[in-house]
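let's see this in three dimensions:
(one chain, ligands or ions: 1)
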Amino acid sequence: MTLKLTDIVLTYPDGDRTLTALDHVELAVAPGEFTAVVGPSGSGKSSLLAIAATLITPASGTVSVAGHDVTNASQVARTRIRRDHIGIVFQQSNLLASLTTLDQLLVMADLSGRSTREAAVRARELLLAMDLASKEDKRPHQLSGGERQRVNIARALMNRPEVLLIDEPTSALDHRRGEQIVSLLADLTREHGLATVMVTHDLATLAMVDSVLTMADGKLTAGAVTSVG
Ligand SMILES: Nc1ncnc2c1ncn2[C@@H]1O[C@H](COP(=O)(O)OP(=O)(O)OP(=O)(O)O)[C@@H](O)[C@H]1O
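Numbers count the residues shown, from 1 in each chain. Next up, the predicted model:
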């Protein structure tokens, strides 16, 4: 398994009490597998992604990413694992307003210390695959919502991650563009052998994923619910 969460418990302080955001959660995603997580607001979906992204540490349980056990890894080691093995696409587009599309991708290579020439080849290859080749000199305000989301996805793939984590990729898009984005994510998952986890409220797109899990009150179970809050 490329991504494996075992018996994860996550708690937050809540006044005098403790809130259990993730309650003995198990998640295993294989290479080339596209998994969707649905569930009501506040059920723990973002917390699950943050654990998988190694951004927060659970109270108990183990996290393994691309064969690396990150459970007891140092902050430095976790940052390296995140940078080298995990692509993250957040709900809000966090593109830098002053940068061109090409530079949004090259910034990632700078962070990982790769050569500029190799990075430029990789960036142009991704922009071509995402139908963004003609947009490489555009800044975010010159792009449509769907194009901005594709730049976010291309940027997440710059460092050739094995794990792709995506939070609500369609929330700012109309129905047709939302379906196109999820279809693109399904293709990328297969082509690149990614272990992909997508949190979504968009039940219309679930036909394109391999498995659907439902989060309710911090518990993760197999199968889809018929409505999500
Ligand atoms: N930093 C935090 N401190 C305290 N409680 C938190 C924190 N982050 C989340 N929570 C609580 O943990 C629970 C799970 O929240 P989480 O954001 O993971 O749910 P979600 O399913 O992603 O919700 P949404 O769909 O609204 O984003 C909620 O009760 C939330 O209020």
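
please list the residues of this structure that sit near the ligand.
When proximity is defined by Cβ under 6 Å from any ligand atom, the chain lies next to the ligand at 12, 19, 21, 39, 41-47. C-beta here means a position set from N, CA and C on the backbone, and glycine is covered the same way.

go with 5 Å
The chain has residues 12, 21, 41-47 near the ligand, with proximity defined as Cβ under 5 Å from any ligand atom.

nearest to residue 101, of those residues?
Nearest to residue 101 among the residues of the chain next to the ligand: residue 46, at 27.1 Å, using Cβ to Cβ.

now do the strand or helix carrying the closest one: which elements does it pack against?
Residue 46 is part of helix 45-52 when elements are defined by DSSP states H and E. Packed against helix 45-52 by the contact rule (3 or more Cβ pairs under 8 Å, 6 or more residues apart in numbering; DSSP states H and E) you find strand 3-14, strand 17-29, strand 33-38, strand 60-65, strand 163-167, strand 195-199.

just for this structure, where's the confidence low?
Applying pLDDT under 70 to the chain picks out residues 92, 111-113, 225-229.

so where's the longest helix in it?
Scanning the chain for the helix with the most residues, using DSSP state H, yields helix 175-192.

name the residues of that one that come out as buried.
Neighbour-count burial for helix 175-192 flags 177-182, 184-186, 188-189, 192 (criterion: 16 or more other Cβ atoms under 10 Å).

also stretch 107-120?
For stretch 107-120, a neighbour-count test (16+ other Cβ under 10 Å) marks 108-109, 119 as buried.

which ones among those residues lie within helices?
Using DSSP H, these in helices are 108-109, 119.

quickly name whichever of the buried residues of helix 175-192 is closest to the ligand.
Nearest to the ligand among the buried residues of helix 175-192, counting by Cβ to the nearest ligand atom, is residue 178 at 16.4 Å.

pretty sure the closest one contacts residue 202?
Yes. The criterion here is Cβ atoms under 8 Å, and residue 178 meets it with residue 202 at 5.8 Å.

center of the protein - which residue?
Most central in the chain under Cα atoms, centre = their mean is residue 165, positioned 1.6 Å from the mean C-alpha point.

ok, that residue to the ligand distance?
Separation of residue 165 from the ligand (Cβ to the nearest ligand atom, to the nearest Å): 13 Å.

same question, residue 207
Here residue 207 is placed at a distance of 21 Å from the ligand (Cβ to the nearest ligand atom).

how close does residue 208 sit to residue 185?
Residue 208 sits 8 Å away from residue 185, taking Cβ to Cβ, to the nearest Å as the criterion.

do residue 104 as well
Distance from residue 104 to residue 185, by Cβ to Cβ: 18 Å.

before we move on, what about residue 25?
Here residue 25 is placed at a distance of 22 Å from residue 185 (Cβ to Cβ).

so which strand or helix has the residue lying closest to residue 93 once chain neighbours are set aside?
Nearest residue to residue 93, sequence neighbours excluded (Cβ to Cβ, 6 or more residues apart in numbering): residue 148, at 4.9 Å. Using DSSP H and E, residue 148 sits in helix 145-156.

keeping just the C-alphas, turn that helix into CSV.
Coordinates of each C-alpha in helix 145-156 appear next as CSV, following Å, rounded to 0.1, in the frame of the first residue of the first chain:
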residue,chain,number,x,y,z
GLY,A,145,-11.6,28.6,-12.3
GLY,A,146,-11.1,25.3,-14.0
GLU,A,147,-7.7,26.3,-15.4
ARG,A,148,-6.6,27.5,-12.0
GLN,A,149,-7.6,24.2,-10.5
ARG,A,150,-5.6,22.4,-13.2
VAL,A,151,-2.6,24.5,-12.4
ASN,A,152,-3.0,23.5,-8.7
ILE,A,153,-3.0,19.9,-9.7
ALA,A,154,-0.1,20.2,-12.1
ARG,A,155,1.9,21.9,-9.3
ALA,A,156,1.1,19.1,-6.9
